[in-house]
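Participant: need a structure here:
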Amino acid sequence: QVQLVESGGGLVQAGGSLRLSCVVSGRTFRNYVMGWFRQAPGKEREFVARITWSGGMISYVDSVKGRFTISRDNVKNTVYLQMNSLKPEDTAVYYCATQSSVTGRFDSWGQGTQDTVSS
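Facilitator: All right, here's what the predicted structure looks like:
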């Protein structure tokens, strides 16, 4: 059974940076598209970024383009989200997930890590 464990969240002032990590076990990591999502208080979970197994295809939600960078290390079974120029509206619980090659849905999730950006 796949397990995803996020880390790196915390409290930061606006304009600051955080780097999230997500370690994946129990699955052949390099075969899977990985994604980051977030859920702010009172809002639905939203897509943030995704990266293919080779890193050759990357996409972001418009609100984070130019500020966030997703990357992966297939040797360490880890996906990262570097978040720069953080804004209070980036405050959320951030989740990593793996995408099923069968359904195309993100079907395995970590427990989430809280990021809080103060103004």
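
Participant: what about the residue nearest to the spatial centre of the chain, is that helix, strand or coil?
Facilitator: By C-alpha atoms, centre = their mean, the chain has its centre lying nearest to Trp36, at 2.6 Å. The assignment at Trp36 comes out as strand when based on DSSP: H, G, I helix; E, B strand; the rest coil.

Participant: What pLDDT does the model give it?
Facilitator: The model reports Trp36 with a pLDDT of 98.

Participant: what's near enough to touch it?
Facilitator: For Trp36, the contacting residues are 20, 22, 48-50, 70, 79, 81, 94-97, by C-beta atoms under 8 Å, 6 or more residues apart in numbering. Glycine gets a C-beta too; all of them are placed from N, C-alpha and C.

Participant: and it, bridged to which residues?
Facilitator: Listed by DSSP bridges, the beta-bridge partners for Trp36 are Ala49, Cys96.

Participant: what's the spacing between it and Cys22?
Facilitator: For Trp36, the distance to Cys22 (C-beta to C-beta, to the nearest Å) stands at 8 Å.
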